[in-house]
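S.K.: I'll drop the sequence and a predicted model, then ask my questions.
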Amino acid sequence: MMHIYIDTDLYNKHVQDEAYQAYGKKYITEEAYKNIRDNYTSNLYTPNNFIRIALGLLTIVAIIFSALLVILVFLSSTPGIGMYIILALINYVSLELLVRNKQYYNAGVDNLLMFSSAAFLLSGIAVYNDFANATLVSGVAVIVFLYLSVRFVDGFMAILSYLGLLVFIFLLYTRIGAFAKATAPFLIMIFSAVTYGCLTVLRKKDAYQLYRRCFKSVLLVTILTFYSSVNYFVVKELGGEMSGVHLGEIDPIPFGWLFWVLTFVVPVAYVAHGVKKRDLMFLRIGLVLVGMSVFTFRYYYHVLSVEMAVLIGGFIMIAISYAIIKYLRIPRFGLSFNRNADLNETRINIESLVITQVTGQKTSATTGVEFGGGSFGSGGAGGDY
């Protein structure tokens, strides 16, 4: 593996986070949680959110002052891109040293140094090309962010890498001509769906278990980019920007009727998929996007006041939520609205791990572990280990 951390430390850290979330939800007892924490020790340092913010602010100050110092020293002797490269190297070397010596993992310091090193490098490339070659910048961004994601097991870097690749493919495709610009939404839709499918397969492989949070972070964004590619408002406004023509509210767009249908169908499909597959991510995103569909319709057809549109959108989401609650009163697809039923099932799912900790045995870091609802480096307890 290319990541900088020791496998056992990273694995144990994830298990500790899952156990903490499970204990907070009363899925396991305090004794079981302490046994897990004591048996799965990790040297990684991840402070609480307050300390993380404080460390992040100090890191920002340090980055600013170091940048000013470099500018004062090299401004007269080093070209623009050279100064940016020096700043990127300083930040990256600091990142490597701090993570190796202090074992920072999502501590705020490492996250900001990752972002700043990439930002300085990409800014230098953009300045060198007079901000005229977005395709080159996005292509380099894919490589840089992907490397940082793999090296430091960071979900946010994985998201930026995915978005960079999406922009890179989009810019290359739209160079073909008018037909490419008209069909670009379908390209984004296909790319999002293919990426989701590939990551879903990779996420199940034990060889990539330590990157499952990165996969989950990107999966969340693929769901959003898929809907964005079929939302009528996004398609119309983005198409107008690409063509350099301001489209009025009543001006048609190619395949407009199809995008109107998908604007409303996709959120409902997300909700249905979330219920059937017991996927809260799809369920929650689908409910939010139902409201977005209503606002999209309201933007182009002023048949209702803003207040009434908000009221109707909220009513629709409440109605869907209520229908799901009523539907799941009787357990379906292994999912139930009954909290006690869910609690019992979750306890059964993690029973083997608790028994292992009580007996003092450790699970190998090479076995599969499904980290639950967590993403962006902070896991939630899904109960699946």
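M.R.: Received it, and whenever you're ready, just let me know what you need. None of these values were measured; they are calculated from a predicted model.
S.K.: quick check: Ala67 touching Leu87?
M.R.: Yes: with contact defined as CB atoms under 8 Å, Ala67 and Leu87 form a contacting pair (5.7 Å). (Each C-beta comes from the backbone N, C-alpha and C, glycine too.)
S.K.: gap between the two ends of stretch 199-211?
M.R.: End-to-end distance of stretch 199-211: 11 Å, with CA to CA, to the nearest Å as the criterion.
S.K.: report the buried residues of that stretch.
M.R.: Neighbour counts over stretch 199-211 (16 or more other CB atoms under 10 Å) mark Leu199, Arg203, Tyr208, Gln209, Leu210, Tyr211 as buried.
S.K.: please apply the same query to stretch 168-188.
M.R.: Judged by neighbour count using 16+ other CB under 10 Å, the buried positions of stretch 168-188 are Phe168, Ile169, Phe170, Leu171, Thr174, Lys181, Ala182, Ala184, Pro185, Leu187, Ile188.
S.K.: next one: it to chain centre, how far?
M.R.: What separates the centre of stretch 168-188 from the centre of its chain is 24 Å, taken as CA atoms, centre = their mean, to the nearest Å.
S.K.: where does the stretch 251-385 of the chain dip in pLDDT?
M.R.: Low-confidence segments of the stretch 251-385 of the chain, defined by pLDDT under 70: 251, 303-304, 306, 328, 330-385.
S.K.: quick revisit: the buried residues of stretch 199-211: which two are farthest apart?
M.R.: Leu199 and Leu210 (14.6 Å; CB to CB).
S.K.: spatially central residue in this structure, please.
M.R.: By CA atoms, centre = their mean, the chain has its centre lying nearest to Ser217, at 2.9 Å.
S.K.: now do the helix or strand hosting that residue: distance to the chain's middle.
M.R.: Using DSSP states H and E, Ser217 sits within helix 212-230. Relative to its chain's centre, helix 212-230 lies at 7 Å (CA atoms, centre = their mean).
S.K.: average pLDDT for that helix?
M.R.: Averaging pLDDT along helix 212-230 gives 94.
S.K.: show me what the helix or strand that it is followed by is packed up against.
M.R.: Under the assignment DSSP H and E, the closest C-terminal helix or strand after helix 212-230 is helix 232-243. Packing partners of helix 232-243 (3 or more CB pairs under 8 Å, 6 or more residues apart in numbering; DSSP states H and E): helix 178-203, helix 256-276, helix 280-300.
S.K.: buried stuff in the helix holding Ser217?
M.R.: Counting neighbours by 16+ other CB under 10 Å, one finds that the buried residues in helix 212-230 are 212-223, 225-230.
S.K.: same question for stretch 34-48.
M.R.: Neighbour-count burial for stretch 34-48, counted by 16+ other CB under 10 Å, picks out Asn35, Ile36, Arg37, Asn39, Tyr40, Ser42, Leu44, Tyr45, Thr46.
S.K.: quick one: distance of that stretch to the chain centre.
M.R.: 24 Å.
S.K.: quick check: end-to-end length of it?
M.R.: The first-to-last residue distance of stretch 34-48 comes to 18 Å (CA to CA).
S.K.: list the contacts for the nearest residue to Arg284 once chain neighbours are set aside?
M.R.: Spatial nearest neighbour of Arg284, excluding adjacent residues (CB to CB, 6 or more residues apart in numbering): Gly274 at 7.5 Å. Listed by CB atoms under 8 Å, 6 or more residues apart in numbering, the contact set of Gly274 reads Leu280, Met281, Phe282, Leu283, Arg284, Ile285, Gly286.
S.K.: buried subset of those?
M.R.: Among the contacts of Gly274, the ones that count as buried (16+ other CB under 10 Å) are Met281, Phe282, Leu283, Ile285, Gly286.
S.K.: nearest to Pro267 among the residues you listed?
M.R.: Using CB to CB, Gly286 comes nearest to Pro267 of the buried ones among the contacts of Gly274, at 5.0 Å.
S.K.: skipping its backbone neighbours, what lies nearest the residue nearest to the centre of the chain in space?
M.R.: Counting by CB to CB, 6+ apart, the residue nearest Ser217 is Gly155, at 3.4 Å.
S.K.: can I assume that neighbour is in contact with Val221?
M.R.: No: counting by CB under 8 Å, Gly155 stays clear of Val221, with 10.0 Å between them.
S.K.: can I get the helix holding Ser217 as CSV, trimmed to CA atoms?
M.R.: In CSV, the C-alpha atoms belonging to helix 212-230 read as follows (Å, rounded to 0.1, in the frame of the first residue of the first chain):
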residue,chain,number,x,y,z
ARG,A,212,-13.7,2.4,2.2
ARG,A,213,-14.4,5.8,3.7
CYS,A,214,-12.8,7.5,0.7
PHE,A,215,-15.0,5.4,-1.5
LYS,A,216,-18.1,6.3,0.5
SER,A,217,-17.3,10.0,0.2
VAL,A,218,-17.0,9.8,-3.6
LEU,A,219,-20.1,7.7,-3.9
LEU,A,220,-22.0,10.5,-2.1
VAL,A,221,-20.8,13.0,-4.7
THR,A,222,-21.5,10.7,-7.7
ILE,A,223,-25.2,10.6,-6.5
LEU,A,224,-25.3,14.4,-6.5
THR,A,225,-23.5,14.8,-9.9
PHE,A,226,-25.8,12.3,-11.5
TYR,A,227,-28.8,14.3,-10.4
SER,A,228,-27.2,17.6,-11.4
SER,A,229,-26.6,16.2,-14.9
VAL,A,230,-30.4,15.7,-15.4
